[in-house]
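Trainee: can you look at this prediction? I've put the sequence above it.
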Amino acid sequence: MKYLSEVTRIVTNFREPNIEIIDEDEALSNEDSVSKLYAGLKNGSIATDQKAAEVIYGKPVIDTKYTTLKNRLKRRLLNTLFFLNIKSPSFSEYASALYQSNKNIFLVKTLVSLGGRNTAMKLAQSALDHAQKFNLTSNSIELLFILRSYSSFLGNEKNYNDYCDQLKIAIKTYEAETIAQEYNDRVEIKFARSSAEQPEMREIIEQYCDELGLLRSKYGSKNLNYNYFRLQTLSYQISRNYLLAIKTCEEAEDYLLKNPHLFHKLQFGEFFLQKLSCFLNLRTYEEGKQTVDKLKELYPETNPNWFIYMEFYFYLAMHTFHFDEANSVYEKVIANPKFSLQPEHKKEHWKLCDLYLQFALSVDSQSASGQRSPLDLKKFLRNVPLYTKDKRGYNVAILILHIILLLDNNEFGEIIGRMDALRTYRTRYLRAGSNKQSALFFRMLQIMETNNFSYEMTKQKSARYFEKMKSTAAEFSEIQDGLQVLPFDWLWNKILEMLKQKEEQKIIQKVMK
């Protein structure tokens, strides 16, 4: 009862006579100015200060009366933040715990400052247990400081020593978490402008992983483990060791499953996406399809991440020659009601995917998707998407497909002009130390051009480059950046088939005379 009496005294002496919060039903039904402003902001009818002043006061003039109104609404909204419904199913257990823990710290500090020390310490102990359960290290540190100080005030040396020991461990754990977050942030900064592998980062990321691996053995922390798994997966992908990257993703999944209260499904999905990326690079369809099925459970069609995994799924189908399935994925994507809300470059990207899909379906004898007719070259040139920002991937993919279509249409002279453009892109935008498959594929195209499109000469002189390309693992970003919508080895075989057919029909000899 003494705790209730203590809180009652504080509330009686210090409570606000009129607690201003947003009551949803009342705010949307009333006609006062604050309610009108809130309703307009909520339904989107008010987007500017001028529009708000016009709706509420009848004229778009910003004066002190309107400024006061905005401050009143802001005060109510901020007060309402203490009464949010951060609970499942809309939020994960961890998100709910974080919200409650932050409220606990506010309550403890408020009670201490207003003379409710006994209640504060009672609440602080339960709040500490709660924060430690959910690995909320920074909150645990604040609560341990308060509890240790109170033990000193009471002269309780046993409790003081206990809290002191816990505090030292929490501070070291927090330092480790801070290092892990810093390393993750530094890597994200490097990859923010481009998803290219940046091989110069390989050694740095490996050092980060080694250091975090040692810290993991000392401190059990959700944030430390999470950032370690993210960096270790990336490290293996940059090294093109996709099997070890998959293994690391599975270790992460196991850790998450053992600690479900510390994570939300988006973080589960992150590692499934990385696995799918690895299976794509390895061209292992069955394992990739199983991962897709997992992602379907995590990301419904209304979730923005649905488009991300569907893009990976499309590439998996294309690179394992399941073209009918790729067609099905494409049709689902463009039929999604939220597709129109996707960024413009993403919509253009799917246009490029469709062009490659049309080509694949037109030349694949096993396809059952309506046996699409060959791509119309003139229509392709009219509708081809233009990528001015991401020159590294999409523009190259467009040039490659253009060359293939020109070859199919016997436009050999035009191919030479396109090859010049391809050489320019290769020199300017593709890294010399990476994009090895792309470099080899471009070399084979050059061999085709310099040997006057002769099937035998092209096949013979490109053979060693072709074998090397098949034995060289693709970069994990080379596919995702749009460089390889279709595998280069498959495309090259189709090109050789075209050359052979045209040579047998004596088309090349006639044109090249």
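Mentor: Okay, I see it.
Trainee: which regions of the stretch 1-150 of the chain sit below the pLDDT cut-off?
Mentor: Along the stretch 1-150 of the chain, segments meeting pLDDT under 70 span 1, 25-29.
Trainee: how about 90 then?
Mentor: By pLDDT under 90, the low-scoring segments of the stretch 1-150 of the chain are 1-70, 72-73, 75-92, 115-116, 118.
Trainee: helices of that one, residue ranges please.
Mentor: Using DSSP state H, counting those that start in this stretch, the helices of the stretch 1-150 of the chain run over residues 2-14, 24-29, 33-43, 49-57, 64-80, 93-113, 117-133, 137-154.
Trainee: kindly report the same for the stretch 301-450 of the chain.
Mentor: 305-319, 323-335, 344-363, 377-383, 394-408, 412-429, 436-450.
Trainee: among the ones you listed, which is nearest residue 144?
Mentor: helix 305-319 (36.9 Å; Cβ to Cβ). For every residue, glycine as well, the C-beta is placed using N, CA and C.
Trainee: quick one: work out the angle between that closest one and helix 344-363.
Mentor: Regarding helix 305-319 and helix 344-363, their directions subtend 30 degrees when assessed with axes from the mean of the first three to the mean of the last three Cα atoms, to 10 degrees.
Trainee: and helix 305-319, how far out from the chain middle?
Mentor: 13 Å (Cα atoms, centre = their mean, to the nearest Å).
Trainee: show me what it is packed against.
Mentor: Judged by 3 or more Cβ pairs under 8 Å, 6 or more residues apart in numbering; DSSP states H and E, the packing partners of helix 305-319 are helix 265-282, helix 285-298, helix 323-335, helix 344-363, helix 476-480.
Trainee: that helix vs helix 323-335, what angle?
Mentor: Computed by the same axes, to 10 degrees, the angle between helix 305-319 and helix 323-335 is 160 degrees.
Trainee: going by neighbour count, list what's buried in the longest helix that the chain contains.
Mentor: When the chain is parsed with DSSP state H, its longest helix is helix 157-191. Of all the residues in helix 157-191, those buried under the rule 16 or more other Cβ atoms under 10 Å are 160, 163, 166-167, 170, 173-174, 176-177, 179-180, 183-184, 187.
Trainee: what are the buried residues along whatever helix or strand comes next after it?
Mentor: Proceeding N to C from helix 157-191, the next assigned helix or strand is helix 202-218, under DSSP states H and E. Across helix 202-218, burial judged by 16+ other Cβ under 10 Å covers 205, 206, 208, 209, 212, 215, 216.
Trainee: and which of those is nearest residue 348?
Mentor: residue 205 (31.3 Å).
Trainee: tell me the contacts of the closest one?
Mentor: 187, 231, 234, 235, 238 (Cβ atoms under 8 Å, 6 or more residues apart in numbering).
Trainee: so the last one touches residue 203, yeah?
Mentor: Going back to what we said before, that points to residue 238. No. At 9.9 Å, residue 238 does not count as touching residue 203 under the criterion of Cβ atoms under 8 Å.
Trainee: overlap of the contact sets of the two?
Mentor: Between them, residue 238 and residue 203 share no contacting residue, judged by Cβ under 8 Å, 6+ apart.
Trainee: pLDDT value on residue 464, please?
Mentor: Residue 464 carries a pLDDT score of 94 in this model.
Trainee: so it is in which element?
Mentor: helix 455-471.
Trainee: so which elements touch that helix?
Mentor: Short answer (3+ Cβ pairs under 8 Å, 6+ apart): helix 455-471 packs on helix 436-450, helix 488-504.
Trainee: now what about that helix, what contacts it?
Mentor: Residues contacting helix 455-471 (Cβ under 8 Å, 6+ apart): 436-437, 440-441, 443-444, 447-448, 451, 488-489, 492, 496, 499-500, 502-503, 508.
Trainee: need the CA coordinates for it. PDB is fine.
Mentor: Output in PDB follows, covering the C-alpha atoms of helix 455-471 (Å, rounded to 0.1, in the frame of the first residue of the first chain):
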ATOM      1  CA  TYR A 455      30.700 -19.500 -86.700                       C
ATOM      2  CA  GLU A 456      33.800 -21.700 -86.800                       C
ATOM      3  CA  MET A 457      36.300 -19.000 -86.100                       C
ATOM      4  CA  THR A 458      34.200 -17.400 -83.300                       C
ATOM      5  CA  LYS A 459      33.600 -20.800 -81.600                       C
ATOM      6  CA  GLN A 460      37.300 -21.800 -81.900                       C
ATOM      7  CA  LYS A 461      38.800 -18.500 -80.700                       C
ATOM      8  CA  SER A 462      36.300 -18.000 -77.900                       C
ATOM      9  CA  ALA A 463      36.500 -21.500 -76.500                       C
ATOM     10  CA  ARG A 464      39.100 -20.800 -73.900                       C
ATOM     11  CA  TYR A 465      37.300 -17.700 -72.700                       C
ATOM     12  CA  PHE A 466      34.000 -19.600 -72.600                       C
ATOM     13  CA  GLU A 467      35.500 -22.300 -70.400                       C
ATOM     14  CA  LYS A 468      37.100 -19.700 -68.100                       C
ATOM     15  CA  MET A 469      33.800 -17.900 -67.800                       C
ATOM     16  CA  LYS A 470      31.900 -21.100 -66.800                       C
ATOM     17  CA  SER A 471      34.500 -21.800 -64.100                       C
END
